[in-house]
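In: make a model of this:
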Amino acid sequence: MKKMISNILSAFSNQSEVISAEKSKIRKQIRELKKLISEAQKQKEANAIFGKIETLPEFKAAKSILLYWSTSDELPTHEIVEKWSGIKQVILPTVVGKDLVLKSYYSGGTMKQGALGIWEPDSGENYTGNIDLVIVPGVAFDRKKKRLGRGKGFYDRFFKNNNSIKIGVGFDFQFLAEVSSTKLDIRMDKVITASNTIE
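Out: Numbers count the residues shown, from 1 in each chain. I've put the predicted structure just below:
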């Protein structure tokens with residue numbers, strides 16, 4: 001019996017190592033591809049993606065939306081955040097320790113650089129209300145709506161206690177045939193790139 005348990009644990013450990021190695025390989029490949037995309041192409045794909053999102057019934061019905069303030073290597077969101085901030089409750093994530101803490105975004109409000117170099121609303125007040133829709137960045141997505149993040153697990157932990165509709169977004173080259181995942185990796189409800197919409 002002990003030997004059987006040991007073999008099972010060993011198999012799980014080996015599988016976990018293989019998945020971890022595959023994830024690292026994908027992250028490296030995507031990182032290299034991001035270096036090749038122009039600012040004009042980034043914005044073109046962002047316009048196509050958010051143009052699709054804005055037509056969705058889920059978006060139209062949403063009163064509160066968790067977006068993200070994009071970094072230089074992510075799908076640009078600054079325009080969409082600003083555009084909808086006066087119409088809907090727009091919320092941005094901040095990182096505190098191992099968790100995401102939410103802050104309301106207001107047009108014209110001051111921003112500060114927080115943990116991991118990510119810009120966030122300069123507010124001491126956390127948003128604790130309802131979230132109807134979440135626009136989720138990622139390193140890669142696939143047709144089964146699996147998401148590969150940066151490896152810190154912030155969004156996966158956040159979604160454990162949150163039933164909001166989740167839409168994963170990324171550049172076309174971030175949409176892969178398959179993404180390795182574990183039970184801890186939360187799947188999206190939809191994945192949208194400029195050329196793909198998976199529901």
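In: strands of this structure, residue ranges please.
Out: 64-66, 89-96, 99-104, 111-113, 119-121, 133-136, 140-142, 147-148, 165-169, 175-176, 190-192, 197-198 (DSSP state E).
In: contact partners of the third one?
Out: This means strand 99-104. 66, 89-95, 120-121, 123, 125-128, 131, 154-155, 157-158 (CB atoms under 8 Å, 6 or more residues apart in numbering). For every residue, glycine as well, the C-beta is placed using N, CA and C.
In: buried subset of those as a ChimeraX selection?
Out: Buried subset of the contacts of strand 99-104, written as a ChimeraX selection, criterion 16 or more other CB atoms under 10 Å:
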select :66,89,90,91,92,93,94,120,121,123,127,131,154,155,158
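In: quick check: Phe173 vs Thr193, distance?
Out: For Phe173, the distance to Thr193 (CB to CB, to the nearest Å) stands at 9 Å.
In: so the two - more neighbours on which side?
Out: Thr193 (21 against 15; other CB atoms under 10 Å).
In: residue contacts, that one?
Out: For Thr193, the contact set (CB under 8 Å, 6+ apart) comprises Glu45, Ile49, Phe141, Val169, Gly170, Phe171, Asp172, Gln174, Phe175.
In: pull out the buried members of those.
Out: Here, 16+ other CB under 10 Å leaves Glu45, Ile49, Phe141, Val169, Gly170, Phe171, Gln174, Phe175 buried among the contacts of Thr193.
In: report the two members of the residues you listed separated by the largest distance.
Out: Spanning the widest gap among the buried ones among the contacts of Thr193 are Glu45 and Phe141, at 13.7 Å by CB to CB.
In: dig out what the nearest residue to Val136 once chain neighbours are set aside forms beta bridges with.
Out: Distance criterion CB to CB, 6 or more residues apart in numbering; nearest residue to Val136, sequence neighbours excluded, is Gly168 at 4.8 Å. Per DSSP bridges, residues listed as beta-bridge partners of Gly168: Val136, Val191.
In: residues in contact with Gly168?
Out: Gly168 makes contact with Val136, Pro137, Gly138, Phe141, Lys145, Arg147, Met188, Lys190, Val191, Ile192, according to CB under 8 Å, 6+ apart.
In: give the PyMOL command for selecting the buried subset of those residues.
Out: Here is the PyMOL selection string for the buried members of these, based on 16+ other CB under 10 Å:
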select buried, resi 136+137+138+141+145+147+188+190+191+192
